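S.K.: From the sequence below, what's the structure:
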Amino acid sequence: MPEKTLLYYSHDPMCSFCWAFRPVWARVRSSLAKSKPELTIINVMGGLAPDSDEPMPEEVRSKVRAAWQYIEQNIPGIQFNYDFWSQQKPRRSTYPACRAVIATKILDARLNYELEEQMILAIQQAYYLNAQNPSNAGTLISCAESIGLDKIAFTKTLHSTECHQAFEQDRALSQSLGISSFPGLVIARGNSRFNIPVDYNNASRVLDRLFEAISLL
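M.R.: Numbers count the residues shown, from 1 in each chain. Below is the predicted model of the structure:
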């Protein structure tokens, strides 16, 4: 059997540039589903910031807010709710959100649903639009319930050894692919692979780069 062509998308639900890339990424996925149905797309939770109960330092808050402002000014249609900074107690901790996506994927496989993408969007909307804090388990549980997952099953899976191990495997995979920043795209077949530059405003350009790389695999 010929080797599969894999497209890895390494990201973090609490990465603001991943939120900025979402509209283009949705168009890319839709186009690939029609033009390259044999291509397997794999979400990889890269993990931006480890678990922490410490308040986010003011210097980091300033950097994150500046990133939001930069994105709004340079990527049309992307919005952020700055009430987050006054209504929440931010922590530099994105690993819980990553594990929430993996927990959903674990339950998704058991229940034969396709909820992973819904969970990613639910977390992003909670954070960027609704000024909620996905560093908190309560926010993640609410997101899970909003997409139809059972609260008890999700909570148990979120804190399970299986989920934690799967996340560590994702982080190791992201690093092995040579991804140094999020979002990251890598196309691979066998031992051949290419990093694909992202474009936040042009899905066609991303697709052109993908098709060129696929031809070289």
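
S.K.: what about the helices in the chain?
M.R.: Counting by DSSP state H, the chain has helices at residues 16-35, 58-74, 84-87, 95-111, 116-124, 137-146, 151-158, 161-176, 203-216.

S.K.: confidence score at the residue lying closest to residue 14 once chain neighbours are set aside?
M.R.: The shortest distance from residue 14 to any non-neighbouring residue, by C-beta to C-beta, 6 or more residues apart in numbering, is to residue 94 (4.0 Å). Where C-beta positions appear, they are placed from N, C-alpha and C, glycine not excepted. Per-residue pLDDT puts residue 94 at 98.

S.K.: thinking residue 94 is in contact with residue 46, fair?
M.R.: No. Between residue 94 and residue 46 there is no contact under C-beta atoms under 8 Å: 9.5 Å.

S.K.: okay, and the common contacts of these two?
M.R.: Counting by C-beta atoms under 8 Å, 6 or more residues apart in numbering, the contacts common to residue 94 and residue 46 are residue 12.

S.K.: Hey, what's the angle from the worst-scoring helix or strand of the chain on mean pLDDT to helix 116-124? Just curious.
M.R.: Between all helices and strands in the chain, the lowest mean by mean pLDDT, DSSP states H and E belongs to helix 95-111, at a mean of 92. Relative orientation of helix 95-111 versus helix 116-124 (axes from the mean of the first three to the mean of the last three C-alpha atoms, to 10 degrees): 150 degrees.

S.K.: and helix 95-111, what other elements does it pack with?
M.R.: Contacts defined by 3 or more C-beta pairs under 8 Å, 6 or more residues apart in numbering; DSSP states H and E place helix 95-111 against strand 40-45, helix 116-124, helix 137-146, helix 151-158, helix 161-176.

S.K.: Quick one: these as TSV, columns for mean neighbour count too.
M.R.: Shown next, in TSV, are those (neighbours: other C-beta atoms under 10 Å):
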stretch	mean neighbour count
strand 40-45	18
helix 116-124	21
helix 137-146	19
helix 151-158	16
helix 161-176	15
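
S.K.: Save those as JSON lines, and put in distance to residue 68 and mean pLDDT too.
M.R.: Output for the helices and strands packed on helix 95-111, formatted as JSON lines (distance: least, C-beta to C-beta, whole Å; pLDDT from 0 to 100):
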{"stretch": "strand 40-45", "distance to residue 68": "22", "mean pLDDT": "95"}
{"stretch": "helix 116-124", "distance to residue 68": "13", "mean pLDDT": "96"}
{"stretch": "helix 137-146", "distance to residue 68": "18", "mean pLDDT": "98"}
{"stretch": "helix 151-158", "distance to residue 68": "27", "mean pLDDT": "98"}
{"stretch": "helix 161-176", "distance to residue 68": "24", "mean pLDDT": "98"}
